[in-house]
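**Student:** Quick one: sequence and predicted model below, then my questions.
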Amino acid sequence: DTEVTQTPKHLVMGMTNKKSLKCEQHMGHRAMYWYKQKAKKPPELMFVYSYEKLSINESVPSRFSPECPNSSLLNLHLHALQPEDSALYLCASSQEEASTDTQYFGPGTRLTVL
Amino acid sequence: EDKVVQSPLSLVVHEGDTVTLNCSYEVTNFRSLLWYKQEKKAPTFLFMLTSSGIEKKSGRLSSILDKKELSSILNITATQTGDSAIYLCAVGGTSYGKLTFGQGTILTVHP
C-alpha cells in the first residue's frame, strides 16, 4: 500500500481566514513533504519533515505554517493568504529523507484564495 | 543550482504510436532520477533509476538512465488514450529529500 491521503480535496478561503490542510500516511514512512503546484508548472518543494522534525524550509512565507504532530500526520496551517497562493498543495512521503527513497504523493488539496 | 530539462514540452500522437520522452539534468552528486505520471491530481510514481539500476521496465513503459550523457529517456510503446498525462522527471542529489523537477512533458494520445 502506497497511499497518502489529503483533506480537504478542495478549499476556498478568504484572505483573512485561517484554515488547515491535513495529510496522512500509514506506510511507516519517516519523511513527509509539502509541495505547491501552480497550473502547468512542476511541483515546488515547500517543507520537509524527517522523524517529525522540520528538516527543510524552502524560504516559505510565514503565512504557511507546517506541523507534524506524529509520524503519520502532517498539517499545513494557512493564515492571511494572498490570491497568488491559490494552487494545488501536494503532500508526499518517503521511507527516509534520502534522495534514493521514492516519494509517494497524495491527491492534493486544490486551494482557492479569494 | 540543480537543473532538470525535459523535452519535448508537449507531444500529440495517435493510439498505437511509440513515444520517447527526454530528461537531462545538471545536479550536484547525482543520486536518483524518478519518472512520475500526473493526470488530474497527484503525480503517480513510475520508475526510479540510480547508479545501481539504470534500466527499468513495466509493461509498455521503459526507462533508461545514461549517466555519461546526464540524461534519461522514458519510452511508451503502443500508446493508449489512457497514457495522456503530464510526465514529470525529477532528480535527487546531495540535498537529502529534495527533488528537482523538470517542467514536464504533456502527452496527448488521440484515438
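**Tutor:** Sure thing, it's come through.

**Student:** Count the neighbours of the closest residue to residue A:7 other than its chain neighbours for me.
**Tutor:** Leaving aside its sequence neighbours, residue A:7 sits nearest to residue A:22 (Cβ to Cβ, 6 or more residues apart in numbering or on different chains; 4.9 Å). Bear in mind the C-beta positions are built from the backbone N, C-alpha and C, glycine included. Residue A:22 has 16 neighbours, counted by other Cβ atoms under 10 Å in any protein chain shown.

**Student:** what does residue A:8 give?
**Tutor:** Around residue A:8 there are 13 other residues, counting by other Cβ under 10 Å.

**Student:** Specify the beta-bridge partners of the nearest residue to it once chain neighbours are set aside.
**Tutor:** Of all residues not flanking residue A:8 in the chain, residue A:109 sits nearest, at 6.0 Å (Cβ to Cβ, 6+ apart). Residue A:109 has these beta-bridge partners by DSSP bridges: residue A:89.

**Student:** who's in contact with the closest residue in space to residue A:80 that isn't next to it in sequence?
**Tutor:** Excluding the flanking residues, the one nearest residue A:80 by Cβ to Cβ, 6+ apart is residue A:63, at 5.0 Å. By Cβ atoms under 8 Å, 6 or more residues apart in numbering or on different chains, the contact set of residue A:63 is A:78-82, A:85.

**Student:** Locate the most centrally placed residue in chain A within the secondary structure: which element?
**Tutor:** What sits nearest the mean C-alpha location of chain A, by Cα atoms, centre = their mean, is residue A:34, with 2.9 Å. Here residue A:34, judged by DSSP states H and E, is contained in strand A:31-37.

**Student:** where along the chain do the strands fall?
**Tutor:** You didn't say which chain, so I picked chain A. Ranges of strands in chain A, per DSSP state E, are A:4-7, A:10-13, A:18-25, A:31-37, A:44-50, A:53-57, A:64-70, A:73-79, A:87-94, A:104-105, A:109-113.

**Student:** right idea, wrong chain: chain B
**Tutor:** For chain B, applying DSSP E gives strands covering B:3-7, B:10-14, B:19-26, B:32-38, B:43-49, B:55-58, B:61-66, B:71-76, B:85-92, B:99-101, B:105-110.

**Student:** If I look at residue B:111, what pLDDT would I see?
**Tutor:** Reading off the confidence values, residue B:111 has pLDDT 95.

**Student:** and the contacts of residue A:63, which are buried?
**Tutor:** A:78, A:81, A:85 (16 or more other Cβ atoms under 10 Å in any protein chain shown).

**Student:** Quick check: bridge partners of the first one?
**Tutor:** Same thing as residue A:78. Per DSSP bridges, the residues bridged to residue A:78 are residue A:19, residue A:64.

**Student:** so what's it up against?
**Tutor:** Contact analysis of residue A:78 by Cβ under 8 Å, 6+ apart lists A:13, A:17-21, A:63-65, A:85, A:111.

**Student:** In chain B, what residue comes closest to chain A?
**Tutor:** Ranked by Cβ to the nearest Cβ, the top residue of chain B for proximity to chain A is residue B:92, at 2.9 Å.

**Student:** leaving aside the residues next to it on the chain, what's closest to that residue?
**Tutor:** Leaving out its chain neighbours, the residue that sits closest to residue B:92 by Cβ to Cβ, 6+ apart is residue A:99, at 2.9 Å.

**Student:** Thank you kindly, that will do.
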